[in-house]
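Undergrad: sequence unavailable; structure follows:
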């Protein structure tokens, strides 16, 4: 299965693909913050111990009250799940590959921090229940993971919610990182886009904003290690003493995530089934108001910047989804610059869409850096990247040079029509997800590609 995370980027893709595994972050939002809150039960006043940096693993200093739960290979959780490898980590969890000793099948276990929100499992349960959405291959293409088990683990750093699901083989991030082109085959990209649109329709139908087939179960643990490598055990060392940690709240060693990935260009249409994960910050706009978007800036809708006092709506997801559809087809993000500041992002949005609403234009303080009072760009024409140029340079040309299929004129027009609608400046001018499902590009190119993949899927 292909993972898509942290609800779409962390959930979604990024230009340089820096997200964590399912990955990797919607409403397409991710949790804010780079450090954990201290557990309410912590009474320690001793200065924190600093640990040496280990590349590719979670921040060791986050093993503290309210933080990560220390786990080692061969640990058993809930008296049935034997830890065999690491799948990844995020700010509020670590994810482990385990074998269920009752069923002899592999599972993924997401172990939350001591201060993690334990309600994610309830959200997943609500999303997998309730009225169906109209039957567009829902049962077969549902991207929402089934909760196999849930439990809590009590440890030196607190009480940690644990979520058990089927393991996914790799994330979209890993697939693209493993490929020199960062491109999916054209029909694979169309199919993934269709699955994402249906995913959002399922989630919005329940009121929330927000796979590559794996043969792991055919492998013994020894065969798993022979194929993908044994877990690497990187010693955890205190910086002050240069000695191994003796703190029971800190693991004696850290484990980099196993690489189960396959290059994006090698993914076959029949293999491309997508699942989503990390619903920890999904919310129902009808039940609560959320004003701040934590979605990466390259995917963040403009209303989050210009109207911070207004609550986010389902239309914010539509903007982010439109950006990701382009990125699935191209080799980079529609809005360039994963580390660019907000005003640079806004200037690019104007390049794509033209003048923004007058009230936003008037309050954009740094506008004179890019545009005069009449909205004319101050940059040289060679520095302007409108739709057509981004499409040709970032999508068509890379595909043509690698012989990976290009988009014809009819499809291009349908794609532009869809994306310009989804990325309308005002949230109220964007289509809802039911209308997106009925658009020309989705019905003529994306959904047929997915249906073709179903027909090619191995049993």
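TA: That came through fine. Bear in mind that the values here come from a model prediction, so they are computed numbers and not experimental data.

Undergrad: alpha carbons only for contacts and neighbour counts from here, please
TA: Noted.

Undergrad: contacting residues for residue 159?
TA: For residue 159, the contacting residues are 113, 114, 152, 153, by C-alpha atoms under 8 Å, 6 or more residues apart in numbering.

Undergrad: most neighbours of all the residues you listed, which one?
TA: residue 114 (30 neighbours; other C-alpha atoms under 10 Å).

Undergrad: if we can go back for a sec, show me which of the contacts of residue 159 is closest to residue 181.
TA: residue 113 (36.0 Å; C-alpha to C-alpha).

Undergrad: remind me, longest strand of this structure?
TA: strand 81-90 (DSSP state E).

Undergrad: contact partners of it?
TA: Applying C-alpha under 8 Å, 6+ apart, the set of residues contacting strand 81-90 is 20-21, 57-58, 72-77, 94-101, 108, 221, 230-231, 255-258.

Undergrad: before we move on, back to that, could you export the contacts of residue 159 as TSV, including secondary structure and distance to residue 302?
TA: What follows is those, written out as TSV (DSSP: H, G, I helix; E, B strand; the rest coil; distance: C-alpha to C-alpha, whole Å):
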residue	secondary structure	distance to residue 302
113	coil	32
114	coil	34
152	strand	39
153	strand	41
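
Undergrad: any chance of these in JSON lines, plus distance to residue 321?
TA: Below are these laid out as JSON lines (distance: C-alpha to C-alpha, whole Å):
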{"residue": "113", "distance to residue 321": "29"}
{"residue": "114", "distance to residue 321": "32"}
{"residue": "152", "distance to residue 321": "34"}
{"residue": "153", "distance to residue 321": "35"}
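
Undergrad: now, among those, which is nearest to residue 343?
TA: Nearest to residue 343 among those, with distances taken as C-alpha to C-alpha, is residue 113, at 34.2 Å.

Undergrad: what about the closest one, distance to residue 253?
TA: Distance of residue 113 to residue 253, given as C-alpha to C-alpha, to the nearest Å: 18 Å.

Undergrad: got the buried residues for stretch 50-59?
TA: 51, 54, 57, 58, 59 (16 or more other C-alpha atoms under 10 Å).

Undergrad: tell me the span between the first and last residue of that stretch.
TA: So stretch 50-59: terminal residues 11 Å apart, C-alpha to C-alpha.

Undergrad: pull the residues that contact that stretch.
TA: With C-alpha under 8 Å, 6+ apart as the test, stretch 50-59 has contacts from 60-61, 88-90, 94, 234, 236-240, 254-257.

Undergrad: closest to residue 296 out of the residues you listed?
TA: Among the contacts of stretch 50-59, and counting by C-alpha to C-alpha, the member closest to residue 296 is residue 90, at 15.1 Å.

Undergrad: flag the shaky bits of the stretch 1-150 of the chain, pLDDT-wise.
TA: Applying pLDDT under 70 to the stretch 1-150 of the chain picks out residues 1-47, 118-145.

Undergrad: so where do the strands sit in it?
TA: 2-4, 76-77, 81-90, 93-100, 105-112, 149-155 (DSSP state E, counting those that start in this stretch).

Undergrad: okay if I get those as JSON lines plus distance to residue 330?
TA: Below are the strands of the stretch 1-150 of the chain laid out as JSON lines (distance: least, C-alpha to C-alpha, whole Å):
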{"stretch": "strand 2-4", "distance to residue 330": "17"}
{"stretch": "strand 76-77", "distance to residue 330": "41"}
{"stretch": "strand 81-90", "distance to residue 330": "26"}
{"stretch": "strand 93-100", "distance to residue 330": "29"}
{"stretch": "strand 105-112", "distance to residue 330": "30"}
{"stretch": "strand 149-155", "distance to residue 330": "37"}
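
Undergrad: just so I know, which of those strands lies nearest residue 266?
TA: strand 2-4 (13.2 Å).

Undergrad: which parts of the longest helix that the chain contains are buried?
TA: Secondary structure of the chain per DSSP state H: the longest helix is helix 186-205. By neighbour count on 16+ other C-alpha under 10 Å, the buried set for helix 186-205 is 186-205.

Undergrad: who are the packing partners of that helix?
TA: Here helix 186-205 touches strand 274-276, helix 314-329, helix 433-437, helix 447-456, going by 3 or more C-alpha pairs under 8 Å, 6 or more residues apart in numbering; DSSP states H and E.

Undergrad: how big is the angle separating that helix from helix 314-329?
TA: 170 degrees (axes from the mean of the first three to the mean of the last three C-alpha atoms, to 10 degrees).

Undergrad: and helix 186-205 with helix 447-456, angle?
TA: Using the same axes, to 10 degrees: helix 186-205 against helix 447-456 is 100 degrees.

Undergrad: would you mark the buried spots in whichever helix or strand comes after helix 186-205?
TA: Scanning forward in sequence from helix 186-205 by DSSP states H and E, the next helix or strand is helix 221-228. Across helix 221-228, burial judged by 16+ other C-alpha under 10 Å covers 221, 224.

Undergrad: what separates the next helix-or-strand element following helix 221-228 from the chain centre, distance-wise?
TA: Downstream of helix 221-228, the next assigned helix or strand under DSSP H and E is strand 234-235. With C-alpha atoms, centre = their mean, to the nearest Å as the basis, strand 234-235 stands 28 Å off its chain's centre.

Undergrad: one more: stretch 94-107?
TA: Centre to centre, stretch against its chain (C-alpha atoms, centre = their mean), the figure for stretch 94-107 is 23 Å.

Undergrad: quick one: contacts of that stretch?
TA: 58, 68, 80-89, 108-112, 164-167, 216-217.

Undergrad: just the buried members of the residues you listed?
TA: Buried members of the contacts of stretch 94-107, counted by 16+ other C-alpha under 10 Å: 58, 68, 81-89, 108-112, 164-167, 216.

Undergrad: wait, which of the strands of the stretch 1-150 of the chain is closest to residue 395?
TA: strand 2-4 (21.0 Å).

Undergrad: residue 325 reaches residue 193, doesn't it?
TA: Yes. Because the distance of 5.6 Å satisfies C-alpha atoms under 8 Å, residue 325 is recorded as touching residue 193.
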